[in-house]
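# Got a predicted model here, sequence first, then my questions.
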Amino acid sequence: MPRKPFLAGGIMSGTSLDGIDAVVVELSGARVNTLSFHSVSYPAPLRQALLAVSNTDTHTREIARLHFLLPELYAETFLEACRKARVKPAQVAVLGCHGQTIYHEGRPAPFLGRRIASTLQIGDGSVLAARTGVPVVCDFRPADIAAGGQGAPLVPYVDYLLFKDPKLRRVALNIGGIANVTCLPPACQPEDVLAFDTGPGNMVIDQLIAGFTGGRQTYDRDGAFAASGSVHPSVVQRLLEDDYFRLKPPKSCGREQFGPEFVRRLLSLGLSPQDTAATAAYFTAAAVAEGLARFARAAEYPPDQVIVSGGGVHNRTLMRFLRAELPDSDVVRSEVFGIDPDAKEAIAFAILARETLEGRSANLPSATGARRPAVLGKLCRP
């Protein structure tokens, strides 16, 4: 007897701090039918407030207030997605919400005589559950850290479900604020999956554009600004000498590695704004290719397909650079597989929430470094 479709919601607000994505999906095994997708941009004052508490000195009052403000906005976005899908919230079995990362340090660091790994995503799940009337799974990363992992990346479990193939060597690449890859050998099992953050996705480019335009623009639309400049290969090579790129997986990164300090170093090289943007875009693509060559033997065994999702798919210059760096692979957007590139991570957290609700582990220790599989997240009842 066929399994009854499972209605789930997913909410994602990523490190690019561009806004909130919400989906309502119908899940049947590993098949996904997206019923609706709704996205809302962060107002400029809210984006600035989030930047002001992300990996920086701040006041606990600001963090607490944002922790309770965000679920109000998450709820509004999700309820609009329900309206677009013509689905009553009460029909949705579970809502997965990643929350907004304001600090992530997956590798243990010295602190008060101990070595501690830590992560913090804000956006209270109890408030979200109360506003939507739907059970909410939130705070996904700590369970993996408690099991000895880095708490990231978590989407590779979903990539494994959606994209593994009996014959093809595939890489799922998501370009959000950070770029991450999931390497799926032919006929792979969960323990065969390799996944890691390759470095910045849109994060460095977005910071540059915001600086060059005085905040009037927060991203390089279509990659047009970068397309007007020239790439400086020597600078790309210098940037790839950052210690992060030599670290072996499992590894994860964020604003802590590629935030304002990194951008200041790039700007200090004295390139024109256009050349800086072009070089940053090429660096992002080169970091993906470097990571695949160094850790996934892509030079010997090029992926048959690289399946790209995330906001970076809209940056035509970045996609052109990516194809130049991966000439032996078919670089395609995830909608070829029925997955909206903009909705991919929200879909992922809907799937992860289902796994949690049904008591299944959903981290991949081969990706995060955890000692064991773990059931992720905290369940908040309405």
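Sure thing, it's come through.
# List of residues touching stretch 30-42?
Among residues not part of stretch 30-42, those counted as contacts by C-beta atoms under 8 Å, 6 or more residues apart in numbering are 5, 7, 13, 17-27, 50, 73, 76-78, 80-82, 84-85, 87, 161-162, 338-340, 342-343, 346-347, 351. Every residue, glycine included, has its C-beta placed from N, CA and C.
# Quick check: buried residues in the helix or strand of the chain with the lowest mean pLDDT?
When the helices and strands of the chain are scored by mean pLDDT, DSSP states H and E, helix 255-258 comes last with a mean of 89. Buried positions in helix 255-258, judged by neighbour count with 16 or more other C-beta atoms under 10 Å: 255, 257, 258.
# So which elements touch it?
For helix 255-258, the contact count by 3 or more C-beta pairs under 8 Å, 6 or more residues apart in numbering; DSSP states H and E identifies strand 100-111, strand 194-200, helix 203-212 as packing neighbours.
# What helix or strand is the nearest residue to residue 206 once chain neighbours are set aside located in?
Once its chain neighbours are removed from consideration, residue 206 has its nearest residue in residue 219; the separation is 5.0 Å (C-beta to C-beta, 6 or more residues apart in numbering). Element membership of residue 219 [criterion: DSSP states H and E] is none; it lies in no helix or strand.
# Just to check, residue 219 is in contact with residue 203?
No - under the criterion of C-beta atoms under 8 Å, residue 219 makes no contact with residue 203, lying 10.4 Å away.
# what is in contact with the two at once?
Here residue 219 and residue 203 have residue 16 as joint contacts, going by C-beta under 8 Å, 6+ apart.
# neighbour count winner among the two?
When neighbours are counted by other C-beta atoms under 10 Å, residue 219 and residue 203 differ, and residue 203 comes out ahead with 28 against 20.
# Roughly how far does the more buried one sit from residue 26?
Relative to residue 26, residue 203 is positioned 32 Å away (C-beta to C-beta, to the nearest Å).
# Equivalent analysis for residue 253, please.
As judged by C-beta to C-beta, residue 253 and residue 26 stand 34 Å apart.
# Can you tell me which of the contacts of stretch 30-42 are classed as buried?
7, 13, 17-27, 50, 73, 76-78, 81-82, 85, 87, 161-162, 339-340, 342-343, 346-347, 351.
# how about the strands in this structure?
Using DSSP state E, the strands assigned to the chain run over residues 6-12, 19-28, 31-41, 94-97, 100-111, 114-122, 136-138, 170-175, 178-184, 194-200, 305-309, 330-333, 378-380.
# Report the distance from the longest helix seen in the chain to the chain centre.
For the chain, the helix that runs over the most residues, judged by DSSP state H, is helix 60-85. How far helix 60-85 lies from its chain's middle: 19 Å, per C-alpha atoms, centre = their mean, to the nearest Å.
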